[in-house]
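Chemist: build me a structure from this.
(one chain, ligands or ions: 2)
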Amino acid sequence: MSLIATQILQDARRAGALLARGRLVAFPTETVYGLGGDATGDRAVAAIYTAKGRPRFNPLIVHLADIDDVHRFAVLGGAALGLARAFWPGPLTLVLPLRKGAGLSPLVTAGLNTVAVRIPDLPLARDLLRAAGRPIAAPSANVSGRVSPTTAQHVLDGLGGRIDAVLDGGPCGVGLESTIVGFDPLPTLLRPGGLAVETIARHLGAPLALPGADANITAPGQLASHYAPLGTVRLNAAKADPGETMLGFGPGPADLNLSPTADLDEAAANLFRHLRTLDDMGARHIAVAPIPDTGLGAAINDRLRRAAAPRS
Ligand code: TXA
Ligand code: MG
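Modeler: Numbering: from 1, shown residues only. Ligands and ions are numbered 1, 2, ... in the order given. Okay, the predicted model is just below:
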């Protein structure tokens, strides 16, 4: 692949103009940085898969600025509309029936008859989407299988020279990807993420269903090894063994700590940055303290289990 100079932009309008011309622009959201491209353009969407080295059977999330825009591309009603009204803009992605012929590139949905949609909560992201004036497909802006970026510098570390620009909005507040909910037809958790499942269940008045073993929906979970740091990862460690680097949670000895006060929101915001720092430290064996499975802890543990999975 030929290397291009990746511009660092502060201006959503300039970044939006690049997207409108079919270029690839990474941008901040409240969850992680996304790698954006025009969701109506086959070439732009194909370029996203190429830049990330992402398998083409793994569909992308379409980002929009307003609920009214969502109705143009997807069927949004019933329980999905209730969730949209309650939690958008926010760290929630809904997998909805696709409106065929509405102009989305079939590469975005990997040929499925559903489309994943999200309205991000960061005003700069919505400014960019409005400036682009079109739906923007955006996976996390990392090389496939590696840790998602939560700063513009993380994006450049992985994709610099492969994308046209990155819009710098500072560090992401949530730090974990969005929670993904599908309708099967019951609301079903496809990926735990930045919106706690308990919060969604409280709104629905019922717990979310879990995908059946026969689910043909491809959520990020299928690729067992993901979010991988360079070192091996051992979970639920009371303490580091000799040769291990300790990633702590709460009080107690640690080389790096996700949250010394055991605050799960703080731990979520630190998780991907700390996994990168462990790489920089040359950590070959990482021991991770136990983390409660409530609130954002469920999503943190999901990402850590993938980081600990055997690598292919
Ligand atoms: O917070 C986020 O969700 C970030 C920011 C940039 O918005 N994006 C993100 O994208 O995490 P990505 O590509 O890393 O993860 C999106 C996941 C994919 O792994 C895919 O499995 C799932 O969404 N997905 C997309 N379309 C789907 C569909 N039609 N049915 C089921 N799952 C789908
Ligand atoms: Mg990703």
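Chemist: low-confidence ranges in the stretch 151-300 of the chain?
Modeler: Applying pLDDT under 70 to the stretch 151-300 of the chain flags the ranges 213-225.
Chemist: show me the residue at the heart of this protein, geometrically.
Modeler: Nearest to the centroid of the C-alpha atoms of the chain, with distances taken as Cα atoms, centre = their mean, sits Glu177, at 3.2 Å.
Chemist: can you tell me how far it sits from Ala15?
Modeler: Relative to Ala15, Glu177 is positioned 21 Å away (Cβ to Cβ, to the nearest Å). Placement of C-beta: from N, CA and C, glycine included.
Chemist: show me the chain divided up by domain.
Modeler: Split into domains by automatic domain parsing, the chain comes to 7-204, 232-308.
Chemist: tell me how many other residues crowd Leu296.
Modeler: Residues lying near Leu296 (other Cβ atoms under 10 Å) number 28.
Chemist: again, but for Thr199
Modeler: As a measure of burial, Thr199 has 15 neighbours, counting by other Cβ under 10 Å.
Chemist: out of the domains of the chain, nearest to ligand 1?
Modeler: When the domains of the chain are ranked by proximity to ligand 1, the top entry is domain 7-204, at 2.8 Å, counting by Cβ to the nearest ligand atom.
Chemist: can you tell me if that closest one touches ligand 1.
Modeler: Yes - legend: contact between domain 7-204 and ligand 1 by Cβ under 6 Å from any ligand atom is shown at 29, 31-32, 34, 58-61, 93, 95, 109, 112, 114-116, 118, 138-140, 177-178, 180, 182, 190.
Chemist: out of those residues, which are inside strands?
Modeler: Counting by DSSP state E, the residues of domain 7-204 next to ligand 1 place Gly34, Ile61, Thr93, Val95, Thr114, Val115, Ala116, Arg118, Ile180, Gly182, Leu190 in strands.
Chemist: hmm, the third one is touching Leu60, no?
Modeler: No - under the criterion of Cβ atoms under 8 Å, Thr93 makes no contact with Leu60, lying 10.6 Å away.
Chemist: Thr294 versus the residue located most distally from the centre of the chain, what's the distance?
Modeler: Residue farthest from the centre of the chain, counting by Cα atoms, centre = their mean, is Pro242 at 33.8 Å. Computed as Cβ to Cβ, the Pro242 to Thr294 distance reads 32 Å.
Chemist: and the helices in the chain?
Modeler: Under the criterion DSSP state H, helices of the chain are mapped to 12-20, 42-52, 67-73, 78-87, 123-132, 152-159, 197-204, 264-280, 297-308.
Chemist: Tyr227 is nearest to which of those helices?
Modeler: Each of the helices of the chain has some distance to Tyr227 by Cβ to Cβ; the shortest is helix 297-308, at 4.8 Å.
Chemist: contacts for that closest one, please.
Modeler: Among residues not part of helix 297-308, those counted as contacts by Cβ atoms under 8 Å, 6 or more residues apart in numbering are 147, 176-177, 179, 191-194, 196-197, 221, 223-229, 232-235, 258, 264, 267-268, 271-272, 275, 288, 291, 293.
Chemist: check which residues of that helix are buried.
Modeler: Residues of helix 297-308 classed as buried under the neighbour-count rule (16 or more other Cβ atoms under 10 Å) are Gly297, Ala298, Ala299, Ile300, Asn301, Asp302, Arg303, Leu304, Arg306, Ala307, Ala308.
Chemist: got those as JSON lines, with distance to ligand 1 columns?
Modeler: As requested, the buried residues of helix 297-308 are arranged in JSON lines below (distance: Cβ to the nearest ligand atom, whole Å):
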{"residue": "Gly297", "distance to ligand 1": "18"}
{"residue": "Ala298", "distance to ligand 1": "15"}
{"residue": "Ala299", "distance to ligand 1": "11"}
{"residue": "Ile300", "distance to ligand 1": "14"}
{"residue": "Asn301", "distance to ligand 1": "17"}
{"residue": "Asp302", "distance to ligand 1": "12"}
{"residue": "Arg303", "distance to ligand 1": "11"}
{"residue": "Leu304", "distance to ligand 1": "16"}
{"residue": "Arg306", "distance to ligand 1": "11"}
{"residue": "Ala307", "distance to ligand 1": "15"}
{"residue": "Ala308", "distance to ligand 1": "19"}
